[in-house]
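Novice: What shape does this take:
(2 chains)
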Amino acid sequence: MTLKTIASQKALLGSKAASCVELTNDTLQSLEKNKGLNVFISICEEHAIAQATNADRLIETKQNSSLTGIPIAHKDLFCTKGVKTTCASKILENFVSPYDATIVENLNNTGTITVGKTNMDEFAMGSSNESSFFGPVDNPWDSSRVPGGSSGGSAAAVAANLVAIATGSDTGGSIRQPASFCNVVGVKPSYGRCSRYGMVAYASSLDQAGIFSHTVEDAAIALNAMAGFDTKDSTSVQIAKPDFTTTLNNPLKGLRIGLPKEYFTDGLDNEVASIVQDAIKQYEQLGASVKEISLPNSKLAIPCYYVIAPAEASSNLSRFDGVRYGYRAEEYTDLESMYVNSRTAGFGNEVKRRIMIGAYALSSGYYDAYYAKAQKLRRLISNDFTTAFEQCDVIMGPTAPTPAYKKGSKTKDPIEMYLGDIYTIAVNLAGLPAASIPAGFTQSGLPVGLQLISPYMQEARLLNIGHKYQQETDWHTQLPTAFGGES
Amino acid sequence: MSQWETVIGLEIHAQLQTKSKIFSGSSTAYGAEPNTQANSVDIALPGTLPVMNLEAARMAIKFGLAINAQLNLKNVFARKNYFYPDLPKGYQTSQFDLPIVGLGEMPIDIDGKTKVIGVTRAHLEEDAGKSLHENFQGVTGIDLNRAGTPLLEIVSEPDMRSAQEAVAYLKKIHSLVRYLEICDGNMQEGSFRCDANVSVRPKGQEEFGTRAELKNINSFRFVERAIELEVERQIDLIEDGGEVVQETRLYDADKHETRSMRSKEEAHDYRYFPCPDLPPMQLDQAFIDDIKTTLPELPEAKLARFQTEFNLGKGDATTLTQSKDIAHYFEMVAKNSQADSKIVANWMIGDFFANLNKSELDINDSPISTEQFCTLLNRVHDKTLSGKTAKQVFTALWNKEGGVDDIIDKKGLKQITDTGAIEAVVDDVIANCPEQVQQFKDGNDKVIGFLVGQVMQKSKGKANPQIANQLLQEKLK
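Specialist: Reported below is the predicted structural model:
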């Protein structure tokens, strides 16, 4: 089974071995065949064929671009015109957006074919895809385990070789952690690099759109299409966008890698630690030097995030009130009961939990102690990275403290699940670009990812660092046996 | 009543007359079909985001400059969270800790004296939509056209001590925002709304009493009545041994009473926090300086200038500077005609305003242009017209019967100044009024008025009365 990449699919199209319509149909069929994974909430047959038909025309008339004809899956958090966007929630179960998210539009304009909307944790709140209204997603490497979250569906879609690329969002690790659990590349760009317009807001100051792929090269190609200043998003940054592919092969000689000493303490699975150490050694062979650095406020990252994110979410989710769109309860007696009944039935438990935490943190008498305090701590955490980057060019470490865990094993205690975000969460607080790349497997065959963190707006370098590793290793080419891999 | 002191603070919401909304590109035009001026951002579809319309900031700064206020070059938008169907996002984007305009002042005139009312702050926020409770058979209709229209919320210090002072302050702010062309001040359409915070305290007490907030007052007259009603209610309540409760009360103009709308138990915790979708606004001094150059002459300065430049009394000057358009009209006529400015003032404040009011016309829709007015007054000045015939021409002009000179010709209103012609009429009158002639000769000077009147009548008002008077005097010496 060929590993699906942009290049492999372009080769098919270029050699006329398949037309875009045929390639899309093929993809749609494999989506249907693998419905048991529960990766997709919506499959867009009609829409995809229409896009593919148009793509064939573009290729014929030589108006094609870097991604013309390439099937893509979008996390069901991104608005797609004419196709349902549910955010894996009952409250948006039948919602169809009249407009496309900017990153969707950008990818459409570069020629991608949307084959489906992927499953996720409800409203992007979760780390295991278990809070979805549409049920959990199977990790393609072990169906009894979680794929990670919140972008579990997109990670699994690529991991199961159904698509070469899939979009995700990352607020506290929701791209990187599933990438690590599923043996795929997951990239979260700098805050402000990609437009948030049309990406349903969870935590506005932390959310970022990103990409899953098998190869770093594919991530670079996709990011080229996705990223860019958007006047419709006031937090979008007007900064020059390099071509992320041109510097992929730059040599790594002289690269200074920083390893945060706070990341290698208890709580970190031994096998994960060992795999990460091996990856570091690989980088040394490529000419990099390694030094221990410190991110002293690391311990504060999780409490800081779990005040700020729910606070913003509690406000962002107020628009889901059953008045103008979305689910409205069938029975109510007055305005208040309409609100209460609609939102009680419409939201799942984790969403409700975070709305309540957020409202509490912002409430009169508690704002200073929680929200204001958390924002101050956020500055300290961000400063830690700025200081660290004076001594190194990239920070590396494990993406997650463990490999993928069993479904249901962390759902009893939310805090336990939150603690799994320990390595990814600080990055969002600082707005930095980061990625997880496949770095190996545990004894029992579970994938483990290596996290790379770069200074602000240095995605090109980040991708270069990841790409060079993939030229020396083949972890990223391996597929689960159930999906075409060798055992 | 005299042992009590009234304390009033006003909160004014002025709709800024930007072409599009404060955070979206939708039109702000009034009167459109419901929900035709609300786009994805306005109706808060999932994934939508706000983008600042800088024109709203310009207008806010204009206001700040005009009231000599502290300007906060860095200012921040905050979310005010609460649920209501006409608030699509479930929060209103407003300003809390750092408003764009800080402390300023607005002087008012009370009984000939000037009192300075403090303005605590003025901040930008978005308006909510409209909830229509009638006409929908038991449900409420929501019109989101208004949702997202920019508002400038102007908060006064609790410096007013009577309904009269409150109305004076309100009128000053109303006039100012129209002068600055940042708000059309239409209280009926809701583009200029006023809430009053009213409390009483025993004279001499420093501590403020508990205040009630009065809402739904959409005219100057209602503001005065509502406040007076509320003061009376509070005093009666306290004197009967009760306590004033902090609450919102609606003014009912028909029933002439205020009704409690919300009690303290339902008071909202708005959970204000800086809006993460909008970076802090950072204006620079160049931006402010540019706006300074575009400021019109403000009402205060114009009032002073009209008194000195045109030699007008304060009363007349106030009337003529009540709006920029009226002041402009006056100036055009005063400067471009040969008439004395006081005469121009009399004409405008008299006949002209009377007609405008009767026809319910704004001065911009006057059937008489400034050019025509100048010509009319010039014809009086050069004695082509007398005071009386001028009024006839004025009426004809108002009815759009043509130009000044056309009307004079057509109606034959040209004042007779030919001494010979008038002399003939004078002789005629002397011959036909022997009684009065004799009275005059006997020393009754006042009867000359009757004789002049006769000359005017016989000449159908066209004789120059001064010449007639002169001739009569000479002939009857």
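Novice: Strands of chain A, start to end?
Specialist: A:40-43, A:71-75, A:113-118, A:165-170, A:185-188, A:208-213, A:256-260, A:289-293, A:394-398, A:434-441, A:447-453 (DSSP state E).
Novice: and B:Arg305, which of these is closest to it?
Specialist: strand A:208-213 (58.0 Å; Cβ to Cβ). Yep, even glycine has a C-beta here, placed from its N, CA and C like the rest.
Novice: In that closest one, which of the residues would be classed as buried?
Specialist: Of all the residues in strand A:208-213, those buried under the rule 16 or more other Cβ atoms under 10 Å in any protein chain shown are A:Gln208, A:Ala209, A:Gly210, A:Ile211, A:Phe212, A:Ser213.
Novice: Direction included, what does it pair up with?
Specialist: The pairing partners recorded for strand A:208-213 under DSSP bridges are strand A:165-170 (antiparallel), strand A:185-188 (antiparallel).
Novice: residue contacts, the residue lying closest to A:Leu479 once chain neighbours are set aside?
Specialist: Spatial nearest neighbour of A:Leu479, chain neighbours left out: A:Gly485 (3.3 Å); criterion: Cβ to Cβ, 6 or more residues apart in numbering or on different chains. When contacts are counted by Cβ atoms under 8 Å, 6 or more residues apart in numbering or on different chains, A:Gly485 is found next to A:Met1, A:Gln478, A:Leu479.
Novice: just to revisit the earlier point, want to throw the strands of chain A into TSV with mean pLDDT?
Specialist: As requested, the strands of chain A are exported to TSV (pLDDT from 0 to 100):
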stretch	mean pLDDT
strand A:40-43	98
strand A:71-75	98
strand A:113-118	98
strand A:165-170	98
strand A:185-188	98
strand A:208-213	98
strand A:256-260	98
strand A:289-293	98
strand A:394-398	98
strand A:434-441	98
strand A:447-453	98
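Novice: mind listing what residue 34 touches?
Specialist: Here I'm looking at chain A. A:Ala160, A:Leu162, A:Phe483.
Novice: looking at chain B here, not the other one
Specialist: B:Gly141, B:Asp143, B:Leu144, B:Asn145.
Novice: closest to A:Leu28 among these?
Specialist: B:Leu144 (38.9 Å).
Novice: Surely the closest one and B:Ala44 touch.
Specialist: No: in this structure, B:Leu144 is not within contact of B:Ala44 by Cβ atoms under 8 Å, at 9.1 Å.
Novice: intersection of neighbour lists for those two?
Specialist: Joint contacts of B:Leu144 and B:Ala44 (Cβ under 8 Å, 6+ apart) are B:Pro88.
Novice: Just give the nearest non-adjacent residue to the residue of the stretch 301-450 of chain A found nearest chain B, would you?
Specialist: Proximity of the stretch 301-450 of chain A to chain B (Cβ to the nearest Cβ) peaks at A:Ser318, 2.4 Å away. Distances taken as Cβ to Cβ, 6+ apart put B:Gly90 closest to A:Ser318, at 2.4 Å, once the chain neighbours are dropped.
Novice: tell me the contacts of that neighbour?
Specialist: With the criterion set at Cβ under 8 Å, 6+ apart, B:Gly90 makes contact with A:Ser315, A:Leu317, A:Ser318, A:Arg319, A:Asp321, B:Ala44, B:Asn81, B:Tyr82, B:Phe83.
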